[in-house]
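Trainee: Have a look; sequence and predicted model below, questions after that.
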Amino acid sequence: MGIFYTQKVKDTVPRELQAICWQLLNKRRQNNQVLALVQRFEFTIQSQQLFLKYEDKNYSKVFEIKNCKHLFEGTLWVIVQFDRAMMIFPEEVNEEKSEDGIQ
């Protein structure tokens, strides 16, 4: 599967957290679980601990990420289309539509 990132994701999200998202996504693909078009990854910080909520339309699970060197809080989407996947912030999808004149 081809993996792509927006520039904002590359500049903002620590690489080790990007890798965790891809590992979870690939694990589900290898188990032949049907992947929805949009995978949602939500990072939150609670009591100095980093948590990741991973969900799509058919699946939801929260993981504690231990021994993480970088903290990040926010929501990422991975949009899956055939043999490629794009990691993007939800607000970037809206920006692209408005730039094209589509509302």
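Mentor: Here it is on my side, so go on.
Trainee: could you pull out the helices for this protein?
Mentor: In the chain, the helices defined using DSSP state H lie at 7-12, 15-30, 90-99.
Trainee: highest average neighbour count across the ones you listed?
Mentor: Comparing the helices of the chain by mean neighbour count (mean count of other CB atoms under 10 Å), helix 15-30 ranks first with a mean of 15. No exception for glycine: its C-beta is placed from N, CA and C like everyone else's.
Trainee: so what secondary structure elements neighbour that helix?
Mentor: Helix 15-30 sits against strand 38-46, strand 49-56, strand 59-65, strand 74-81, strand 84-88, with contacts defined as 3 or more CB pairs under 8 Å, 6 or more residues apart in numbering; DSSP states H and E.
Trainee: For the helices of the chain, give me JSON lines that also has mean pLDDT and distance to Phe63.
Mentor: Below are these laid out as JSON lines (pLDDT from 0 to 100; distance: least, CB to CB, whole Å):
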{"stretch": "helix 7-12", "mean pLDDT": "94", "distance to Phe63": "19"}
{"stretch": "helix 15-30", "mean pLDDT": "87", "distance to Phe63": "8"}
{"stretch": "helix 90-99", "mean pLDDT": "71", "distance to Phe63": "20"}
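Trainee: Okay, Lys57 and Ala85: tell me how far apart.
Mentor: When distance is defined by CB to CB, to the nearest Å, Lys57 is 16 Å away from Ala85.
Trainee: actually Ile20, not the one I typed
Mentor: From Ile20 over to Ala85 the distance is 14 Å, taken as CB to CB.
Trainee: do Gln7 as well
Mentor: The gap separating Gln7 from Ala85 is 16 Å, by CB to CB.
Trainee: Also Gln39?
Mentor: Distance, Gln39 to Ala85, using CB to CB: 8 Å.
Trainee: what's the answer for Val13, then?
Mentor: From Val13 to Ala85 the distance is 15 Å (CB to CB).
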